[in-house]
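this is a predicted model, with the sequence first.
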Amino acid sequence: QVQLVESGGGLAQAGGSLRLSCVASGHILSINTMGWYRQAFGKPREMVARIKSDGDTNVADSVKGRFTISRDNAKNTVYLEMNSLKREDTGIYYCKAERVWTTARYEADYWGRGTQVTVSS
């Protein structure tokens, strides 16, 4: 069983910064892609940023230049550095691990439970 646990959410003022972390645990052999998604109240979940194991990234236009994604493959951890926060960045941020290969010789995608980010003006 693979579990993802996010941390680092909270309340920030507009223009401020937050850093999210997500640790994947379990009998993991490799993780192809790790990423962050967010969901604002009443809106569908959207991709924020993704990073492959080779460091290749995909970042949403809405956060490009403000958010930076990184990962530590040895620790199965992904980070999201969020700067110049805006009110519209408010939402629940979910971590996702894609194509997780485990000792059970089974590959699947997994989601964390999410962490709330609230940006006030």
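Perfect, I can see it now.

so what's Val59 up against?
Val48, Ala49, Phe67, Ile69 (CB atoms under 8 Å, 6 or more residues apart in numbering). Heads up, the C-betas are built off the backbone N, CA and C, glycines and all.

off-centre distance for the strand or helix carrying Gln116?
Using DSSP states H and E, Gln116 maps to strand 115-120. Chain-centre distance of strand 115-120: 14 Å, with CA atoms, centre = their mean, to the nearest Å.

now stretch 34-45
10 Å.

gap between the two ends of that stretch?
16 Å (CA to CA, to the nearest Å).

same question, stretch 6-17
17 Å.

in JSON lines, list the contacts of Val59 along with distance to Thr90 and neighbour count.
JSON lines is the format used below for the contacts of Val59 (distance: CB to CB, whole Å; neighbours: other CB atoms under 10 Å):
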{"residue": "Val48", "distance to Thr90": "13", "neighbour count": "23"}
{"residue": "Ala49", "distance to Thr90": "17", "neighbour count": "23"}
{"residue": "Phe67", "distance to Thr90": "14", "neighbour count": "21"}
{"residue": "Ile69", "distance to Thr90": "19", "neighbour count": "21"}
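
which of the residues you listed sits closest to Gly15?
Lowest distance from Gly15 to the contacts of Val59 (CB to CB) belongs to Phe67, with 14.0 Å.

is it possible to get TSV of the contacts of Val59 that adds pLDDT?
Below are these laid out as TSV (pLDDT from 0 to 100):
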residue	pLDDT
Val48	98
Ala49	98
Phe67	98
Ile69	98
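
let's see which of those end up in strands.
If you go by DSSP state E, the contacts of Val59 have Val48, Ala49, Phe67, Ile69 in strands.

can you pull up the bridge partners for the second one?
Translated: Ala49. Trp36, Val59 (DSSP bridges).
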